[in-house]
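> Below is the structure, and that's it, no one-letter string:
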């Protein structure tokens, strides 16, 4: 059974802080797993700082947007800011989602997809394609 997947388009520090508050108020989750992509013109550092101490693992990828920040560069920054999370840089979104779901299943927690509106759209499309294949 797939873990719960929460999609949130938090793409700036304020949105990320709001997501963190909602996760603690609305869900009883012990250190969820994140899939994160951020556009290059956003405050990547501010978004990451809002997520400090929240996620057990962070799978950093990139969306289909030509403005997407390079996953490896976000990964370097994340390793510094999210020192208490395990950072995984996975450029292929399908693999990032699959690995995040596997990790969340092992930990009996949820997957939180966030950091970019484009990423949320990409994941919705991916999930619809999977559902169509299963039908």
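Alright, I've got the coordinates. Because the structure is predicted, anything quoted here is derived from the model rather than measured.
> Residue 53 is in what secondary structure piece?
Counting by DSSP states H and E, no helix or strand carries residue 53.
> Look up the closest residue to it, ignoring the ones flanking it.
Nearest residue to residue 53, sequence neighbours excluded (Cβ to Cβ, 6 or more residues apart in numbering): residue 84, at 6.0 Å. Heads up, the C-betas are built off the backbone N, CA and C, glycines and all.
> Quick check: closest non-adjacent residue to residue 2.
With Cβ to Cβ, 6+ apart as the criterion, residue 2 has its nearest non-adjacent residue at 5.8 Å, and that residue is residue 101.
> Also residue 90?
residue 96 (4.0 Å).
> how far away is the one you found from residue 54?
Distance, residue 96 to residue 54, by Cβ to Cβ, to the nearest Å: 18 Å.
> what about these two, which has more around it?
Of the pair residue 96 and residue 54, residue 96 is the one with more neighbours under other Cβ atoms under 10 Å, namely 25 against 20.
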